[in-house]
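K.L.:
Prediction below, plus the sequence it came from.
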Amino acid sequence: MVSVVSAQSGGGTRAPSVEVQFGKPTFTQKLFYEKLYEKKPFEDATLYYYDNGVYKIISPGEEHYGVFVVNGKMTDDEYAVNFISLPSTDWGGKTAMHALKFNRKTGKFTQQATWEDDPGIAPQYGRFSQDENTIADPRPVNWDNHNNPAGQTAWPFGR
């Protein structure tokens, strides 16, 4: 099954688009932010990773796609991931970059975001869990339907 996501500008007119195919699902990460970006105060987020460098992220207030590059391997004790979002309404129709460092031993991450409309974003940090991604096509997945059947997000750590 081939899944495609289009990167388009917002608004009522259809802009030229670029088709991007999802690779094979690899990992998911659930992020819990302890230090938040005040313009996007969403404590929880879930990332869906694909082996061709495409990702989808959802949170209570965001849902968009992008591309990523891993420095190391996501199975290493420590690794870094650089994300560039595709233009979306989440980022004012522009791209944003996020550089995250993960430590699987401690279950913690740090993040530095870069966005043209707010060049002074302070560093963020929090906790994370990482699992196998079993979602071949993440397009129907949103914050309201991504939880387990009981409707609860299963966090491996206390809040």
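P.N.:
All right, it came through fine.

K.L.:
Tell me which residues are up against stretch 99-118.
P.N.:
29, 31, 37, 39, 74, 76-83, 91-92, 94, 96-98, 121, 123-130, 156-157 (CB atoms under 8 Å, 6 or more residues apart in numbering). Quick note: C-beta positions are derived from backbone N, CA and C, even for glycine.

K.L.:
One more pass at 6 Å, please.
P.N.:
77-82, 92, 94, 96-98, 121, 123-125, 127-128 (CB atoms under 6 Å, 6 or more residues apart in numbering).

K.L.:
For the lengthiest strand in the chain, name the packing helices and strands.
P.N.:
Identified as the longest strand of the chain according to DSSP state E is strand 25-35. The contact analysis (3 or more CB pairs under 6 Å, 6 or more residues apart in numbering; DSSP states H and E) places strand 25-35 against strand 44-50, strand 124-132.

K.L.:
Please pick the buried ones from the contacts of stretch 99-118.
P.N.:
Among the contacts of stretch 99-118, those that count as buried by neighbour count (16 or more other CB atoms under 10 Å) are 79, 81, 96, 98, 121, 124, 127-128.

K.L.:
Show me what secondary structure element comes after the helix or strand of the chain with the lowest mean pLDDT.
P.N.:
When the helices and strands of the chain are compared on mean pLDDT, DSSP states H and E, strand 4-7 comes out lowest with a mean of 55. Past strand 4-7, further along toward the C-terminus, the next helix or strand under DSSP states H and E is strand 18-21.

K.L.:
Name every strand pairing with that next one and say which way it goes.
P.N.:
strand 4-7 (antiparallel) (DSSP bridges).

K.L.:
quick one: the residue nearest the centre of the chain from residue 120, how far?
P.N.:
What sits nearest the mean C-alpha location of the chain, by CA atoms, centre = their mean, is residue 57, with 3.2 Å. Here the criterion is CB to CB, to the nearest Å. By it, residue 57 lies 22 Å from residue 120.

K.L.:
likewise residue 128?
P.N.:
In terms of CB to CB, residue 128 sits 25 Å off from residue 120.

K.L.:
cool, residue 56 as well?
P.N.:
27 Å.

K.L.:
So for those two, which sits in the more crowded spot?
P.N.:
Shown here are residue 56 and residue 120; by other CB atoms under 10 Å, residue 56 has more neighbours (23 against 5).

K.L.:
Can you tell me what sits against the longest strand of the chain?
P.N.:
43-49, 51, 74, 124-131, 133, 135-136.

K.L.:
In its sheet, which strands sit next to it, and in what direction?
P.N.:
In the sheet, strand 25-35 lines up with strand 44-50 (antiparallel), strand 124-132 (antiparallel) (DSSP bridges).
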